[in-house]
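1. No letters, just coordinates:
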């Protein structure tokens, strides 16, 4: 039986640390594994100690090139998706490689934005992203851009029951 606590480890493609934090396993369903992070959780962000100020829920999907963070107010992003390699589980640790691109839905307007294309391009060249990785990442970003805007679950309402457990 898996532990209630999961360690979430994001790295960049070159192996450098990006984010690292503990989360509580809320559930697993056909969409993936739902993880909750409460305010006050100690974390590491870009190699520096940090403390989460606002709770959130992370969905780690099964075999997809993204993760999704669902946020309560006052965060301006209602949904923040990282384009990433499919998650790899090692016991109660999930390893994710962040590929720079992000797809975000703004709370106030519902606008969906593709972010950090410049960082993606810079790292694609510097780290030598393989073409299949580039294609998967861009394909995931295109799908998410559509899904965050058209009511596709889990981005419409499904996440709300999980977010209610951490706020």
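-> Done, it's in. None of these values were measured; they are calculated from a predicted model. Numbers count the residues shown, from 1 in each chain.
2. Going by C-alpha atoms from here, please, whenever you check contacts or count neighbours.
-> Fine.
3. Report all helices and strands that the longest helix along the chain contacts.
-> Taking DSSP state H as the assignment, the helix of the chain that covers the most residues is helix 131-150. In terms of contacts (3 or more CA pairs under 8 Å, 6 or more residues apart in numbering; DSSP states H and E), helix 131-150 is packed against strand 77-84, strand 93-106, strand 112-115.
4. Of all the ones you listed, which one comes closest to residue 123?
-> Residue 123 sits nearest to strand 93-106 of all the helices and strands packed on helix 131-150, at 8.0 Å, using CA to CA.
5. before we move on, the earlier item: identify the residues contacting the next helix or strand after the longest helix of the chain?
-> Proceeding N to C from helix 131-150, the next assigned helix or strand is helix 158-163, under DSSP states H and E. Contact with helix 158-163 is made by 26, 34, 36, 56-57, 70-72, as judged by CA atoms under 8 Å, 6 or more residues apart in numbering.
6. swap the cut-off to 6 Å and go again
-> residue 57 (CA atoms under 6 Å, 6 or more residues apart in numbering).
7. start the count at 47, not 1, going forward
-> From this message on, residue numbering opens at 47, which makes the last subject helix 204-209.
8. buried stuff in it?
-> For helix 204-209, a neighbour-count test (16 or more other CA atoms under 10 Å) marks 205, 208-209 as buried.
9. Could you export the helices and strands packed on helix 177-196 as CSV, including distance to residue 176 and mean neighbour count?
-> Formatted as CSV, the helices and strands packed on helix 177-196 follow (distance: least, CA to CA, whole Å; neighbours: other CA atoms under 10 Å):
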stretch, distance to residue 176, mean neighbour count
strand 123-130, 14, 24
strand 139-152, 12, 22
strand 158-161, 21, 17
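10. Save the ones you listed as CSV, and put in mean pLDDT and distance to residue 183 too.
-> Putting these into CSV (pLDDT from 0 to 100; distance: least, CA to CA, whole Å) gives the following:
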stretch, mean pLDDT, distance to residue 183
strand 123-130, 98, 6
strand 139-152, 98, 7
strand 158-161, 98, 12
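11. With respect to residue 66, which of the ones you listed lies nearest?
-> Nearest to residue 66 among the helices and strands packed on helix 177-196 is strand 139-152; the distance by CA to CA comes to 9.5 Å.
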